[in-house]
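Chemist: missing the sequence, but the structure's below:
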């Protein structure tokens, strides 16, 4: 960068009192270009013509002409008294009719302007070249002030000065990060420079520097997560050199930065869900992700879904099947995640087989999903509990339970029957649903699971049981109407069923047979649409609610309706020996909490 004093040409004009070109100037020892600073720091370049004294001797004139020609040949045009222009001027002043001297002076002028134009050509980024161009101007203004070539050259010099000043001040703006994208700074100056000299290298280089600075701003904004600002900076940069690949390359880099940040925010949001206050933290990550992502971005969709799932299911998904490890070894029962939602609980007026105990209907909403055991608790499941705790069931303590008597076709009390026995009182297989357990025995098992697994297990509420049984249906039966019962839908009383001795049900689903007279092994029939087996049949099941005659004043949510110390609980779901109307989704019945028999079992739910 050269000082401003080298750039200003305003003071390069010839003094108003200077003699014309064809007049002799005052004598001087030698020619020189001088620079003097004024108070503002600007400068004037002037040329003081060397005074050449010529004698009247013709031989000396000839020698002067020869020295001038030699100086012209060597390009020594104006510095010193032996330079071509001072010598030719002296010869012309001596003899205005000296045609050789005038031709030599014209040639010197032509070469001077050529020298000046050469300097101007390199003056864009070379301060010495611009200084030389100013020296040429000083000579021309002094010697040929009114010449049209001088005026044309001075215009070219003014343009070079303006270009230099525009570039210089633009570079100063660049150094202060004043880019001028909004009107003040480097850009307006560079645009003016390029209007004066399209494609001028220094201006183009400075324009590229502005572009680079705008790209750096965009990248800094991207690092800080402000991709809107990054795109604005890239938009400004893209207008400067649209034919170059610089901005598209930068946009690709920033696009990768955006993708990486989106991916990181998604991962951080997912990881946060497992921690304390995880949903709030994950939502904060999602908000930041949505701010920088395009609409419908897969990472945003995935994190939003995971947050929704966490709100309703913790770290699970609807339909997911899982087991919990138990502290004493082994694993708990298979659980399936029931989707959250809402349903109308109870039976409508006029539903065949219904009673007022199933009314009034009420809307129940599950804000959070829950997990329900895929099957009833089996004998094998309960055996692990008894072996681990030494628990004594009600039937084991009192020494009897109710079993089915094949000879009479009735349920009778039989001694020495407990949870280890089947519906007839014989030894039960481990995959059979556990029978002969009371509501208290069922709760004890759920409490043990909670202690072993570190999660909350319990009996389902009435609302949870009916919601899972209906699985989105609104008909009287989970499969539809009574007359449209599908083949092998479950272990129900069917008109085609036969006991070992050939008995038939007096009240059964006509035309239906499932091949079982007594409980079937767990999961012998297809699961419903939510992955749960045997809710409508096989065995009836204990739920957590105390018995109430109807649903008036029932809880507005799905929690169990419990009165402290109640002795009568609710059983739900039909069994292998139930009348068809007891297989309806809304059916419910009371039972003393100590009741044990061959038609009654249970399953558990787990909170998420």
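Modeler: Nice, thanks for sending it over. Quick caveat: nothing in here was measured; it's all calculated off a predicted structure.

Chemist: which parts of stretch 331-350 are buried?
Modeler: Buried positions in stretch 331-350, judged by neighbour count with 16 or more other CB atoms under 10 Å: 332-340, 343, 345-347. Glycine gets a C-beta too; all of them are placed from N, C-alpha and C.

Chemist: just the ones of these in strands?
Modeler: 335-338, 343, 345 (DSSP state E).

Chemist: quick revisit: show me which of the buried residues of stretch 331-350 is closest to residue 226.
Modeler: Lowest distance from residue 226 to the buried residues of stretch 331-350 (CB to CB) belongs to residue 340, with 37.2 Å.

Chemist: relative to residue 84, how far out is the closest one?
Modeler: Distance, residue 340 to residue 84, using CB to CB, to the nearest Å: 101 Å.

Chemist: separation between residue 466 and residue 362?
Modeler: Distance from residue 466 to residue 362, by CB to CB: 11 Å.

Chemist: what do you get for residue 77?
Modeler: Distance from residue 77 to residue 362, by CB to CB: 110 Å.

Chemist: of these two, who's got more company?
Modeler: residue 77 (21 against 15; other CB atoms under 10 Å).

Chemist: all strands of the stretch 351-500 of the chain, in order?
Modeler: For the stretch 351-500 of the chain, the strands defined by DSSP state E, counting those that start in this stretch cover 362-366, 370-373, 400-405, 410-415, 457-458.

Chemist: relative to residue 431, which of these is closest?
Modeler: Using CB to CB, the nearest of those to residue 431 is strand 370-373, at 14.0 Å.

Chemist: what strands line up against the closest one, and which way round?
Modeler: On the basis of DSSP bridges, the sheet neighbours of strand 370-373 come out as strand 335-338 (antiparallel), strand 605-607 (antiparallel).

Chemist: what average pLDDT does that strand get?
Modeler: The pLDDT scores in strand 370-373 average 98.

Chemist: coming back round to it: now the buried residues of stretch 331-350 in JSON lines, with pLDDT?
Modeler: Formatted as JSON lines, the buried residues of stretch 331-350 follow (pLDDT from 0 to 100):
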{"residue": "332", "pLDDT": "95"}
{"residue": "333", "pLDDT": "97"}
{"residue": "334", "pLDDT": "98"}
{"residue": "335", "pLDDT": "98"}
{"residue": "336", "pLDDT": "98"}
{"residue": "337", "pLDDT": "97"}
{"residue": "338", "pLDDT": "97"}
{"residue": "339", "pLDDT": "94"}
{"residue": "340", "pLDDT": "94"}
{"residue": "343", "pLDDT": "97"}
{"residue": "345", "pLDDT": "98"}
{"residue": "346", "pLDDT": "98"}
{"residue": "347", "pLDDT": "98"}
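
Chemist: just the residues you listed now: which is nearest residue 188?
Modeler: residue 340 (61.3 Å).

Chemist: dump the residue contacts of the closest one.
Modeler: Residues in contact with residue 340, defined by CB atoms under 8 Å, 6 or more residues apart in numbering, are 312-313, 318, 366-369.

Chemist: ok, residue 400 next?
Modeler: 413-417.

Chemist: give me the buried subset of those.
Modeler: Judged by 16+ other CB under 10 Å, buried ones among those: 414, 417.

Chemist: how many residues are close by residue 208?
Modeler: 14.

Chemist: got it, and residue 82?
Modeler: Neighbour number of residue 82 under other CB under 10 Å is 17.

Chemist: if I look at residue 272, how far off is residue 517?
Modeler: Distance from residue 272 to residue 517, by CB to CB: 55 Å.

Chemist: sorry, back to before: just the ones in strands among the buried residues of stretch 331-350 now: which is nearest residue 178?
Modeler: residue 337 (60.4 Å).

Chemist: how about the closest one, what does it touch?
Modeler: Listed by CB under 8 Å, 6+ apart, the contact set of residue 337 reads 313, 316-322, 369-371, 608.

Chemist: which of the residues you listed are buried?
Modeler: 313, 316, 318, 320, 369-371, 608.

Chemist: now for the closest residue to residue 343 other than its chain neighbours, how many residues are close by?
Modeler: Nearest in space to residue 343, with sequence neighbours left out and distances taken as CB to CB, 6 or more residues apart in numbering, is residue 467 at 5.3 Å. Applying other CB under 10 Å, we find 27 residues neighbouring residue 467.

Chemist: correct me, but residue 467 touches residue 344?
Modeler: No. Checked against CB atoms under 8 Å, the pair residue 467 and residue 344 is beyond contact range at 10.1 Å.

Chemist: now for those two: what residues contact both?
Modeler: Between them, residue 467 and residue 344 share these contacting residues under CB under 8 Å, 6+ apart: residue 364.

Chemist: residue 310 belongs to a helix, doesn't it?
Modeler: Yes. Assessed by DSSP: H, G, I helix; E, B strand; the rest coil, residue 310 belongs to a helix.

Chemist: correct me, but it touches residue 282?
Modeler: Yes. With contacts counted by CB under 8 Å, residue 310 reaches residue 282, the gap being 7.0 Å.

Chemist: neighbour count for these two, which is higher?
Modeler: A side-by-side neighbour count of residue 310 and residue 282, using other CB under 10 Å, places residue 282 first with 26 against 21.

Chemist: my read is that one is in a helix, agree?
Modeler: Yes. Counting by three-state DSSP, residue 282 falls inside a helix.

Chemist: just to revisit the earlier point, joint contacts of residue 466 and residue 362?
Modeler: Counting by CB under 8 Å, 6+ apart, the residues touching both residue 466 and residue 362 are residue 345.

Chemist: related to what we said a few turns ago, need the strands of the stretch 351-500 of the chain in TSV (columns: distance to residue 92).
Modeler: Below are the strands of the stretch 351-500 of the chain laid out as TSV (distance: least, CB to CB, whole Å):
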stretch	distance to residue 92
strand 362-366	112
strand 370-373	114
strand 400-405	143
strand 410-415	146
strand 457-458	120
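
Chemist: nearest to residue 95 among those would be which one?
Modeler: Per CB to CB, nearest to residue 95 of the strands of the stretch 351-500 of the chain: strand 362-366, 118.8 Å.

Chemist: contacting residues around the closest one?
Modeler: 340-346, 463-464, 467, 551, 554, 556-558.

Chemist: centre of the chain to it, how far?
Modeler: The chain centre lies 36 Å from the centre of strand 362-366; the measure is CA atoms, centre = their mean, to the nearest Å.

Chemist: for residue 543, what is the enclosing helix or strand?
Modeler: Using DSSP states H and E, residue 543 maps to strand 540-546.

Chemist: rounded mean pLDDT for that strand, please.
Modeler: 98.

Chemist: same thing with stretch 460-473?
Modeler: Stretch 460-473 comes out at a mean pLDDT of 98.

Chemist: again with stretch 202-209
Modeler: Rounded mean pLDDT across stretch 202-209 is 96.

Chemist: what residues sit buried inside that stretch?
Modeler: Result for stretch 202-209 [16+ other CB under 10 Å]: buried residues 202-204, 206-207, 209.

Chemist: now do stretch 526-542
Modeler: For stretch 526-542, by 16+ other CB under 10 Å, it's 528, 530-542.

Chemist: out of the residues you listed, which are inside strands?
Modeler: 540-542.

Chemist: for those, which one is nearest residue 586?
Modeler: Closest approach to residue 586 among those (CB to CB): residue 540, at 14.1 Å.

Chemist: hang on, the closest one packs against residue 574?
Modeler: Yes. Using CB under 8 Å, residue 540 is in contact with residue 574, at 6.6 Å.

Chemist: overlap in contacts of these two?
Modeler: Residues touching both residue 540 and residue 574 (CB under 8 Å, 6+ apart) are residue 582.
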